[in-house]
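Peer 1: Quick check, what structure comes out for this input:
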Amino acid sequence: MLILKPMKETWETKPYSCEFCKRSFRRESTIISHICESKHRWMDKDKQGNRLGFQSWIEFYKKNSTSKKQKTYEEFIRSAYYTAFVKFGSYCVDVNVLNVSRYIDWLLKNQIKIDAWCQDTNYTKFLIEYLRIEDPLDAVARSIETTINMAEVDRILSKDYLRYGNSNKICYAITTGKLSPWILYHSNSGKEFLDKLDESQIKMVIDYLNPELWAIKFKREPEKVDEVKSLLTMAGY
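Peer 2: I've put the predicted structure just below:
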C-alpha cells in the first residue's frame, strides 16, 4: 500500500516571514494581519510612554554597562526589561513628571530598583529635592504658566490667582511642582496666599515649602532672589 507523506514546508510554500518572530506564512494578507508580541511592541513605539520608557532604558544601560554601543528600539522590544520601562514611561506621562531625565538620574544615583520607579513616594522625594536645585527662572516661568492656565479656567486675572483662586487647587499645584516656592515666597500674592492657609492645607504643602531650608537657600542666592522679586513685581504678582 502506497503511503503519501506530507510535503515538507519550505520558504517557497511559505514565502512571507514576520521580521519580529520569524514565523512564516503562505499569504501576504495573513502576515499583514499577524500581530505577535514583538510586532505589537514595535507598533506602540510612538506612544509617549513608550518613548520615555526607551529613553530611560538607554540611560539605565549607560549607567550599568561598559558597552558604548548605541542601543536600538529593536533591542528594547526584545529586552526582558521592556514592560517595566514602558510602565515607568507611562507613569511619567500620567503624573506629568518634571524633568524626566533628571528623575532618571536621581533614581539611578540612589540605586532605586526598577520595580519601584513608579512609586509615588520616590517621585515625591525627588520632586522636593529638585525644586530646590532647579534654575529659579525656570521655576518662575513654570509657575506663571500654571497661574495663567488655572486663572483662565476660573476667569481670574493670572496675576491675582494666588489671591483669589481656589486654595485647595493651589495647594495641589504646589505638591505637583507646578507652583514653585520661588513665586510663593517672593511675590505679594504668594505671601498673601500662604498667610491664609488653614492647618490641613499647611500639612499638605509643608514638605514642599519647608521655610527653614528655603530661607537658607535664599540667603545663599541674594542676586537670584532680587532678580525673581523684580520679575514678579513687574508682572503684578
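
Peer 1: So if we follow the domain assignment, how does the chain break up?
Peer 2: 40-131, 135-234 (automatic domain parsing).

Peer 1: And the first one, end to end?
Peer 2: Using C-alpha to C-alpha, to the nearest Å, the span of domain 40-131 from its first residue to its last is 38 Å.

Peer 1: coming back round to it: as CSV, the domains of the chain with mean neighbour count and distance to R27 would be great.
Peer 2: Glycine gets a C-beta too; all of them are placed from N, C-alpha and C. Listed next are these as CSV, based on neighbours: other C-beta atoms under 10 Å; distance: least, C-beta to C-beta, whole Å:
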stretch, mean neighbour count, distance to R27
domain 40-131, 16, 20
domain 135-234, 16, 52
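
Peer 1: Of all those domains, which one comes closest to K22?
Peer 2: Comparing these by their distance to K22 (C-beta to C-beta), the top pick is domain 40-131, with 12.1 Å.

Peer 1: what about the closest one, distance to the chain center?
Peer 2: 9 Å (C-alpha atoms, centre = their mean, to the nearest Å).

Peer 1: What's the mean pLDDT across that domain?
Peer 2: Averaging pLDDT along domain 40-131 gives 92.

Peer 1: Equivalent analysis for stretch 214-230, please.
Peer 2: So the average pLDDT for stretch 214-230 ends up being 96.

Peer 1: Could you tell me the end-to-end distance of that stretch?
Peer 2: End to end - C-alpha to C-alpha - stretch 214-230 spans 19 Å.

Peer 1: got the contact list for that stretch?
Peer 2: Identification of contacts with stretch 214-230 by C-beta atoms under 8 Å, 6 or more residues apart in numbering yields R132, P136, L137, V140, P181, W182, I183, Y185, H186, S187.

Peer 1: 7 Å instead, please
Peer 2: For stretch 214-230, contacts defined as C-beta atoms under 7 Å, 6 or more residues apart in numbering pick out R132, P136, V140, P181, W182, Y185, H186.

Peer 1: can you check stretch 180-192 too?
Peer 2: 131, 136, 139-140, 142-143, 159-160, 162-163, 193-194, 209, 214, 225, 228-229, 232, 237.

Peer 1: re earlier: and the domains of the chain as TSV, adding distance to K22?
Peer 2: Output for the domains of the chain, formatted as TSV (distance: least, C-beta to C-beta, whole Å):
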stretch	distance to K22
domain 40-131	12
domain 135-234	45
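
Peer 1: I'd say G177 and L98 touch.
Peer 2: Yes - with contact defined as C-beta atoms under 7 Å, G177 counts as touching L98 (4.8 Å).

Peer 1: where do the contact lists of the two overlap?
Peer 2: L127.

Peer 1: Mind checking the domains of the chain for the one nearest to R23?
Peer 2: Comparing the domains of the chain against R23 with C-beta to C-beta, the closest turns out to be domain 40-131 (13.7 Å).

Peer 1: Dump stretch 171-190 to PDB, keeping only the CA atoms.
Peer 2: Written as PDB, here are the backbone C-alpha positions of stretch 171-190 (Å, rounded to 0.1, in the frame of the first residue of the first chain):
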ATOM      1  CA  CYS A 171      -2.100  73.500  47.200                       C
ATOM      2  CA  TYR A 172      -2.400  70.600  44.800                       C
ATOM      3  CA  ALA A 173      -0.400  72.500  42.200                       C
ATOM      4  CA  ILE A 174       2.300  73.000  44.800                       C
ATOM      5  CA  THR A 175       2.500  69.300  45.600                       C
ATOM      6  CA  THR A 176       3.000  68.500  41.900                       C
ATOM      7  CA  GLY A 177       5.700  71.100  41.500                       C
ATOM      8  CA  LYS A 178       3.700  73.300  39.100                       C
ATOM      9  CA  LEU A 179       3.900  76.200  41.600                       C
ATOM     10  CA  SER A 180       7.400  76.800  43.000                       C
ATOM     11  CA  PRO A 181       8.400  78.300  46.300                       C
ATOM     12  CA  TRP A 182      10.200  80.900  44.300                       C
ATOM     13  CA  ILE A 183       6.900  82.500  43.300                       C
ATOM     14  CA  LEU A 184       5.200  81.800  46.700                       C
ATOM     15  CA  TYR A 185       7.900  83.400  48.900                       C
ATOM     16  CA  HIS A 186       8.800  86.300  46.600                       C
ATOM     17  CA  SER A 187       5.500  87.700  45.400                       C
ATOM     18  CA  ASN A 188       3.000  89.700  47.300                       C
ATOM     19  CA  SER A 189       0.100  87.500  46.200                       C
ATOM     20  CA  GLY A 190       2.100  84.400  47.200                       C
END
